[in-house]
Structure formats: C-alpha cells, structure tokens
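*Asks:* Model the structure of this input:
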Amino acid sequence: MKNMRILTIISLFLVIALTSCTTPSEKVEDAENKVKNADKELEKAKEAYLEDVKKSKAEALDRLVKHQQEVIAFKEKIAVEKQEIKDKYTQKITELEEKNQKIKERLENYQTDDENQWKNFKKELNHDIEEIGKAIKNLTVTSAQ
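*Replies:* Below you'll find the predicted structure:
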C-alpha cells in the first residue's frame, strides 16, 4: 500500500513534468505568434492614430473656414458704417485673419509619426482656434453695442 502511494506520487510528478515541458520548436512558434500579434496591434494603433490625425485636421480646417466666414460677414456688416467705425475694427480684423491663416498653414504643414507630439500639437491647435473664435465673437458683440 505504501509502495502504491509512492508510485502514484512519482507517476503524478512525471506526468506533470512531461506535459509542462515544451520543445524548442514550440517555444519558437509561440514567440513567432506573439510577434505577429504585436505587429497586428501596432498596425491597428497606427491606423487609429492616422485616422485621428485625418479627422482632427478636417475638423480644425472646418472651424478655421467658419471663422473666416464670420470675419467676412463682419466686414460686410461694417462696410456700411461710418469711416471711424471701419477704422476701429479694421486692425482687429486684419490681426484675426492673419492668426487664422497662420494656424491653417501650421495645420496643413504638420507632419509627424509621434503620437505624443500629435496630441500636444492638437491640444495647442484647438486652444488657438478657440481663442480666435472667442476674439471674433467678442468683436461682433462689441460692434453690436
């Protein structure tokens, strides 16, 4: 009986030891699968990054075009006003148009493969576009008063 227990325990250890061992070719195959999966994940991440860049650029350009249209509408509105009112707003309008154009050029010329740089650029870009939008809004509100 005692020999039977010892024999069972030894057999159990042998079975565990033999089934847990992998051959070198299995290890290589497992490593190759892990590399393939990592490559697929990297490719998906790169596609998501490029899609975000494309989408964000389009949205930013739309906002810049909208700002330009607001400026044009404001110019048309003050065109019928007295010269002193035109003079008051001409400098501000010119500055806003220049800022809007510089941001547009910065956006169109932007190129990087670094996602962190893109996130920083996008944050800064959105802030600058918001600031122009606020300035245009303030300009039109001020003129209405």
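*Asks:* C-alpha from now on. contacts and neighbour counts both.
*Replies:* Will do.
*Asks:* isn't L61 right next to K104, touching?
*Replies:* Yes. In this structure, L61 is within contact of K104 by CA atoms under 8 Å, at 6.8 Å.
*Asks:* Please say which of these two ends up with more neighbours.
*Replies:* Regarding L61 and K104, a neighbour count based on other CA atoms under 10 Å identifies K104 as having more, with 20 against 17.
*Asks:* Report the helix or strand with the lowest average pLDDT across this protein.
*Replies:* helix 2-20 (a mean of 67; mean pLDDT, DSSP states H and E).
*Asks:* Next secondary structure after that one?
*Replies:* helix 24-78 (DSSP states H and E).
*Asks:* who are the neighbours of that following helix, in terms of helices and strands?
*Replies:* Counting contacts by 3 or more CA pairs under 8 Å, 6 or more residues apart in numbering; DSSP states H and E, the secondary-structure elements packed against helix 24-78 are helix 83-109, helix 115-144.
*Asks:* And that helix, how far out from the chain middle?
*Replies:* 6 Å (CA atoms, centre = their mean, to the nearest Å).
*Asks:* Next: stretch 115-124.
*Replies:* Between the centre of stretch 115-124 and the centre of its host chain there is 7 Å, according to CA atoms, centre = their mean.
*Asks:* For this structure, give me the ranges with low pLDDT.
*Replies:* Judged against pLDDT under 70, the low-scoring parts of the chain cover residues 1-4, 7, 12-22, 143-145.
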